[in-house]
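*Asks:* Compute the structure for the input listed below.
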Amino acid sequence: MAFVQKGLKNILQKNPHDVVFLSALRTPVTRAKKGGLRDAYEHELLGAVLKATINKFPNLDPAKIDDICVGTVLAELGGSKAGRMAANHVGIPTTTSFSTVNRACASGLSAITSIANSIAVGQIDVGIGGGMESMTRNYGSRAIPTELWPEMKESPVKEARDCIMSMGITSENVAERYGVTRADQDAFAAESQNRAAKAQANGHCHKRRWNSARNHSRETRGYEACFQEGWHKHSGKQQSGLRRSERCAYDAPINGNGTWSGKPDYREMGGNPGSRLLARRDGRWTRPCYPQTSRLHWPPNI
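*Replies:* Modelled structure (predicted):
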């Protein structure tokens, strides 16, 4: 069983029981209803990313993957059935267990953490953590339950009623409560947009991103999953939704009467799948696979 390392020297030292990331792949994040991947199913792209992960490591027997955990939020039935079908569809056997988790915007991170924890305690040796989402197909209810006990809607407990508050209002609340001004948010957003645009222009993200060669036009439904330099003309070539920095201060508030948050300060409505392959550093089959990073434990005050 793994144990918590203390002290910088020990933390940075490589140990056989380290949980390491061997692969990190994703598709671009494209805009809902408008982006290049708008016609794709989230589990379709999940399957393609899982397949690309397997293809990246020909020495990896898919049967050695003990568990897959995928973060979902809006998918029907929590994405458990469609996600499992996607894994089996691309050659991952039924001996590999599959689960989904919903922790809102942190669902993918929670899934990766779940796999890492299972490896750390010796429950499994190899696993995949990731996420999938399609805001185009699954955002019809605006993330508000369509079937809700009427008495719950009128609960005397304010925290219960707040659970179905829209994200636009919560954004306003957070900014107002913690004193984050619109000017501060716009400055931060402008810097973020500039960094993203620069990284995209210089191709820094290209090698880490799985290139979907899926034809997403409505006329043809051809499919090809591969790594390539060029992008299919109908597929998501790059992340969309970048805004010029000079526009950040001029965008209207998200909430009609709000004053604290604007569109650049708020998450772009889109979605994409991604997967992370994790294993113990001393795993027998991982020796020809070079770890890209490892998962560290930090004290609470860091």
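*Asks:* Could you measure from the closest residue to residue 92 other than its chain neighbours over to residue 88?
*Replies:* Take residue 92 and drop its neighbours on the chain: the residue closest to it by Cβ to Cβ, 6 or more residues apart in numbering is residue 62, 4.9 Å away. Where you see a C-beta, it was placed from the backbone N, CA and C, and this is true even at glycine. Distance from residue 62 to residue 88, counting by Cβ to Cβ, to the nearest Å: 10 Å.
*Asks:* Between these two, which has more neighbouring residues?
*Replies:* residue 62 (18 against 14; other Cβ atoms under 10 Å).
*Asks:* Hmm, that one is touching residue 94, no?
*Replies:* No - with contacts counted by Cβ atoms under 8 Å, residue 62 stays clear of residue 94, the gap being 10.9 Å.
*Asks:* For the residue nearest to residue 92, give me its contacts.
*Replies:* 54, 91-93, 96 (Cβ atoms under 8 Å, 6 or more residues apart in numbering).
*Asks:* Pull up the per-residue confidence for it.
*Replies:* pLDDT recorded at residue 62 is 95.
*Asks:* Could you check how far it is from residue 170?
*Replies:* Taken as Cβ to Cβ, the span from residue 62 to residue 170 is 41 Å.
*Asks:* Next: residue 10.
*Replies:* Using Cβ to Cβ, residue 10 is found at 40 Å from residue 170.
*Asks:* Between these two, tell me which one has more neighbours.
*Replies:* Set side by side, residue 10 and residue 170 show more neighbours around residue 170, with 13 against 10, by other Cβ under 10 Å.
*Asks:* Secondary structure class of the more buried one, three-state.
*Replies:* With DSSP: H, G, I helix; E, B strand; the rest coil as the basis, residue 170 sits in helix.
*Asks:* what about it, distance to residue 31?
*Replies:* Residue 170 is 22 Å from residue 31, by Cβ to Cβ.
*Asks:* and what of residue 158?
*Replies:* With distances taken as Cβ to Cβ, residue 158 is found 34 Å from residue 31.
*Asks:* Please say which of those two ends up with more neighbours.
*Replies:* residue 31 (19 against 7).
*Asks:* partner residues bridging that one?
*Replies:* residue 270 (DSSP bridges).
*Asks:* so it touches residue 38, yeah?
*Replies:* Yes - the criterion here is Cβ under 8 Å, and residue 31 meets it with residue 38 at 7.5 Å.
*Asks:* Does residue 46 touch residue 133 like I think?
*Replies:* No - Residue 46 is beyond contact range of residue 133, at 9.5 Å (criterion: Cβ under 8 Å).
*Asks:* Could you name every residue contacting both of the two?
*Replies:* Residues touching both residue 46 and residue 133 (Cβ under 8 Å, 6+ apart): residue 273.
*Asks:* neighbour count winner among those two?
*Replies:* Shown here are residue 46 and residue 133; by other Cβ under 10 Å, residue 46 has more neighbours (31 against 28).
*Asks:* wait, is the more buried one part of a strand?
*Replies:* No - using three-state DSSP, the secondary structure at residue 46 is helix, not a strand.
*Asks:* Contacts only, for it.
*Replies:* Taking Cβ under 8 Å, 6+ apart as the test, what residue 46 contacts is 70, 83, 86, 130, 132, 273, 275.
*Asks:* again, only this time at 10 Å
*Replies:* 27, 68, 70, 72, 75, 79, 82-83, 85-87, 89-90, 130-133, 272-275 (Cβ atoms under 10 Å, 6 or more residues apart in numbering).
*Asks:* separation between it and residue 134?
*Replies:* Distance from residue 46 to residue 134, by Cβ to Cβ: 10 Å.
*Asks:* intersection of neighbour lists for residue 62 and residue 88?
*Replies:* Common neighbours of residue 62 and residue 88 (Cβ under 10 Å, 6+ apart) are residue 96.
*Asks:* Sounds good, over and out.
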